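Asker: Take a look and give me a structure for this.
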Amino acid sequence: MSAPTPPRAWIALHVAVFLFGSAGLFAKGLPLSAEALVFGRTAIAAFALWLWLRWRPEAGRFRGLSLLAGPLLAVHWLSFFVAIQVSSVAIGLMGYASYPLFAALLAALGGERPKRADWVCAAAVTLGLVVLVPHWRLGDSTLVGLAWGVLSGFSFALLAAINRRISRSSGSVRLAMAQNAIAAFCLMPFVDGVMPGSATQWLWLIALGVVWTALAHTLFIACLREVPPQTAAVVAALEPVYGIALAAMLFAELPGVREWIGGVLIIGVTVWTTLRRPSRA
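Answerer: Numbers count the residues shown, from 1 in each chain. Below is the predicted model:
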């Protein structure tokens, strides 16, 4: 029998999830393209983590899988910001909340036996996504935003699976730095050249890179050493709770009836599976 998950790992996971969920607000608050936003946040995060490692070197070795995780990180954050910009914070976050569905599927493909609660969560997420779309036609902003959000959830499930595999032999800060640096390099050719036009915007972009990216990504990788990936998946699906609440307060982006119904299905079953799951690694 494995040891119980330490409380510090749960705290790190929930702090990371809160930061990930609120990061979507930058897609609305900063007048930059999704490519420029993600390039800026990953480049700044990589530099901040490099400075940290210069001050406090970390043991561990570089794993080749980080070369794959870097592009996945770029795809995840780019699709997440595009989803929010073409639709709304609520739709982008709800699409991303499909993450537990893909985590359960990846676990099954990897030879694990997902619990019944995992499949209940996956089914509820799928139904919630269907409810969110008012018109199933190409070009509908909700459908387009939701598709980008689902891509964000799928790429993040792959990223979490890779990080779970390599985080035990590599330092979490070193991994986060390498993945952010590779993500920034991948996005460099697609940046439109438009960067923040004021000191305030630069400060917010730096905050996005240092706090909402470097810190959040490092915490998430660190907690994956002790929290099972499917458990991390259902906790990560709480992102919409934080993001939608903050969007309502800051941008008056209030969810409609479909968002409420889909959100109850997606978030409700996520909370249920989280509360009933034993804290085992």
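
Asker: Do you have the helices of the chain handy? List them.
Answerer: Taking DSSP state H as the test, the helices found in the chain are 7-23, 26-29, 34-55, 66-86, 89-96, 99-109, 116-132, 141-166, 172-187, 199-209, 216-223, 229-236, 239-251, 257-276.

Asker: The first one vs helix 172-187, what angle?
Answerer: Spelled out, that is helix 7-23. 20 degrees (axes from the mean of the first three to the mean of the last three C-alpha atoms, to 10 degrees).

Asker: Name the residues that touch helix 7-23?
Answerer: Residues from elsewhere that reach helix 7-23 (C-beta atoms under 8 Å, 6 or more residues apart in numbering): 41, 93, 208, 211-213, 215-217, 219-220, 222-223, 225-227, 232, 235-236, 238-243, 246, 279, 281. (Each C-beta comes from the backbone N, C-alpha and C, glycine too.)

Asker: which among the residues you listed end up buried?
Answerer: Buried by 16 or more other C-beta atoms under 10 Å: 41, 93, 208, 212-213, 215-217, 219-220, 222-223, 226-227, 232, 235-236, 238-243, 246, out of the contacts of helix 7-23.

Asker: returning to what we had before: highest mean neighbour count out of the helices of the chain?
Answerer: Neighbour counts (mean count of other C-beta atoms under 10 Å) averaged over each of those peak at helix 89-96, with a mean of 30.

Asker: Quick check: which helices or strands does it pack against?
Answerer: With contacts taken as 3 or more C-beta pairs under 8 Å, 6 or more residues apart in numbering; DSSP states H and E, helix 89-96 sits against helix 26-29, helix 66-86, helix 116-132, helix 141-166, helix 239-251, helix 257-276.

Asker: one more time with 6 Å, if that's ok
Answerer: helix 66-86, helix 141-166, helix 239-251 (3 or more C-beta pairs under 6 Å, 6 or more residues apart in numbering; DSSP states H and E).

Asker: so can I have CSV of those showing distance to Phe102 and mean pLDDT?
Answerer: Conversion of the helices and strands packed on helix 89-96 to CSV gives the following (distance: least, C-beta to C-beta, whole Å; pLDDT from 0 to 100):
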stretch, distance to Phe102, mean pLDDT
helix 66-86, 12, 89
helix 141-166, 4, 86
helix 239-251, 15, 79
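
Asker: Of those helices, which is nearest Pro189?
Answerer: Of all those, it is helix 66-86 that lies closest to Pro189, at 11.4 Å by C-beta to C-beta.

Asker: now the stretch 151-281 of the chain, which segments are flagged as low pLDDT?
Answerer: Within the stretch 151-281 of the chain, the segments meeting pLDDT under 70 span 167-170, 193-194, 229-230, 233-234, 237, 255, 259, 267, 269-281.

Asker: now do 80
Answerer: The model of the stretch 151-281 of the chain has pLDDT under 80 over residues 164-172, 192-197, 221, 224-241, 245, 248, 250-281.

Asker: if we can go back for a sec, could you dump the helices and strands packed on helix 89-96 to TSV with distance to Pro196?
Answerer: Shown next, in TSV, are these (distance: least, C-beta to C-beta, whole Å):
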stretch	distance to Pro196
helix 66-86	15
helix 141-166	23
helix 239-251	19
